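J.: Pasted the sequence and its predicted model underneath.
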Amino acid sequence: MAVRHFLTLNDMTTSELEDLLDHASKLRRDWRAGNVRDSLKNKVLAMIFEKSSTRTRVSFEAGMTQLGGSAMFLSPRDTQLGRGEPIEDSAIVISSMVDAVMIRTFGHETVERFAAASSKPVINALTDEYHPCQLLADMQTYREHRGSIRGATVAWVGDGNNMCNSYINAASQFDFHLNVACPEGYEPDAALLEQFSDRVTVMRSPEEAARGANLLVTDVWASMGQEDEQKAREKAFADYQINPALMEKADRDALFMHCLPAHRGEEISLDMMEHPGSVVWHEAENRLHAQKALLEFLILNRLD
């Protein structure tokens, strides 16, 4: 069987994604009930980090341990990737010794080249272009609180970044409409907007985007690597904040999500994390369960 990778949501069919999220919710229930699972006993995940991380490292490492396997943390100081060795050479060697590889890096081309040469599944744990693992957690969280997201309206408020790009893919895969409210010059990927023009509407007004929405989502104004743009971005995004007043424009039962870390007083108001519609902490925990389901799917080629 050909090796499967997870570089964007489009690497799976809608049916596979739905089954994976069902399984993730089952794993969450089992874990909370204290059930022990050793489906990945003696399996090893290599975790390559060229960008720093909290939730990604903890969720993948804890997930492998909870499934009976182990995870190996590799920083740029620990590999030859940052020292001039061709990505393909590293991929061939590393994948010959482990059962899956997770990569968190800058350019999306890096994970594509690694996956092309890898003999084992490769997982995109974040690039500058996409963050599909976070979308698994987000979609699982919505399902657990509101049921199917099919036919819903999602409002993205802020930068058209990697999270926004992955929400565009999610709109296609899970059949919802995405309103993107962003300042001029901060739109998501143009090719994605053209490809999924029937799923996405770009607008300048957060209030317009939020009107009647079932889910409001945002991210920090300046992502990793954009710190030198912080002041310019603070000015550009000053009117792009999710707060209780904006939630009032949304559906009465609307949820609020944020991939974290959150900058209170910037992209969200100081009190937004405690809003009745906030499911941010549930969403954060679901990184663990969604990724456990993903690891089983890719390593074992099954969900059970």
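T.: Done, it's in.

J.: helices or strands next to the top helix by length along the chain in the packing?
T.: Longest helix in the chain, counting residues (DSSP state H): helix 280-300. Other helices and strands packing on helix 280-300, by 3 or more CB pairs under 8 Å, 6 or more residues apart in numbering; DSSP states H and E, are helix 14-32, helix 55-66, strand 100-104, strand 122-124, helix 132-146, strand 255-258. Using the backbone N, CA and C atoms, a C-beta is placed for each residue, glycine as well.

J.: possible to save the ones you listed as a markdown table with distance to H177 and mean pLDDT?
T.: A markdown table is the format used below for these (distance: least, CB to CB, whole Å; pLDDT from 0 to 100):
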| stretch | distance to H177 | mean pLDDT |
| --- | --- | --- |
| helix 14-32 | 16 | 98 |
| helix 55-66 | 28 | 98 |
| strand 100-104 | 30 | 97 |
| strand 122-124 | 25 | 98 |
| helix 132-146 | 14 | 98 |
| strand 255-258 | 16 | 99 |
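
J.: Format those as JSON lines; extra columns: distance to K43.
T.: Below are the helices and strands packed on helix 280-300 laid out as JSON lines (distance: least, CB to CB, whole Å):
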{"stretch": "helix 14-32", "distance to K43": "16"}
{"stretch": "helix 55-66", "distance to K43": "7"}
{"stretch": "strand 100-104", "distance to K43": "8"}
{"stretch": "strand 122-124", "distance to K43": "13"}
{"stretch": "helix 132-146", "distance to K43": "18"}
{"stretch": "strand 255-258", "distance to K43": "31"}
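
J.: Same list (the ones you listed) but as a markdown table, adding distance to Q241 and mean neighbour count.
T.: Output for the helices and strands packed on helix 280-300, formatted as a markdown table (distance: least, CB to CB, whole Å; neighbours: other CB atoms under 10 Å):
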| stretch | distance to Q241 | mean neighbour count |
| --- | --- | --- |
| helix 14-32 | 30 | 17 |
| helix 55-66 | 22 | 20 |
| strand 100-104 | 27 | 27 |
| strand 122-124 | 29 | 27 |
| helix 132-146 | 20 | 23 |
| strand 255-258 | 12 | 25 |
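
J.: So for H282, which of those sits nearest?
T.: H282 lies closest, by CB to CB, to one member of the helices and strands packed on helix 280-300: helix 132-146, at 5.4 Å.

J.: before we move on, the earlier item: gap between the longest helix of the chain and the chain center?
T.: Mean-position distance between helix 280-300 and its chain equals 10 Å (CA atoms, centre = their mean, to the nearest Å).

J.: buried stuff in that helix?
T.: 280, 282-299 (16 or more other CB atoms under 10 Å).

J.: got the contact list for L27?
T.: Counting by CB atoms under 8 Å, 6 or more residues apart in numbering, L27 makes contact with R37, H289, K292, A293.

J.: mind redoing it with 10 Å?
T.: Each residue near L27 by CB atoms under 10 Å, 6 or more residues apart in numbering is listed here: 35, 37, 39, 63, 66-67, 140, 286, 288-293, 296, 303.

J.: out of the helices and strands packed on helix 280-300, which comes closest to W221?
T.: Taking the helices and strands packed on helix 280-300 one by one with CB to CB, strand 255-258 is closest: 12.3 Å.

J.: The closest one: how far from the chain's middle?
T.: 13 Å.

J.: Now it - C-alpha only, CSV.
T.: The C-alpha trace of strand 255-258 is given here as CSV (Å, rounded to 0.1, in the frame of the first residue of the first chain):
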residue,chain,number,x,y,z
LEU,A,255,-19.0,29.4,19.1
PHE,A,256,-15.6,31.1,19.4
MET,A,257,-12.3,29.4,18.7
HIS,A,258,-8.6,30.4,18.7
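
J.: Quick one: list the elements packing against that strand.
T.: If contacts are counted by 3 or more CB pairs under 10 Å, 6 or more residues apart in numbering; DSSP states H and E, strand 255-258 sits against helix 132-146, strand 153-157, strand 215-218, helix 244-247, helix 280-300.

J.: ok, 6 Å please
T.: Strand 255-258 makes packing contacts with strand 215-218 when contacts are defined by 3 or more CB pairs under 6 Å, 6 or more residues apart in numbering; DSSP states H and E.
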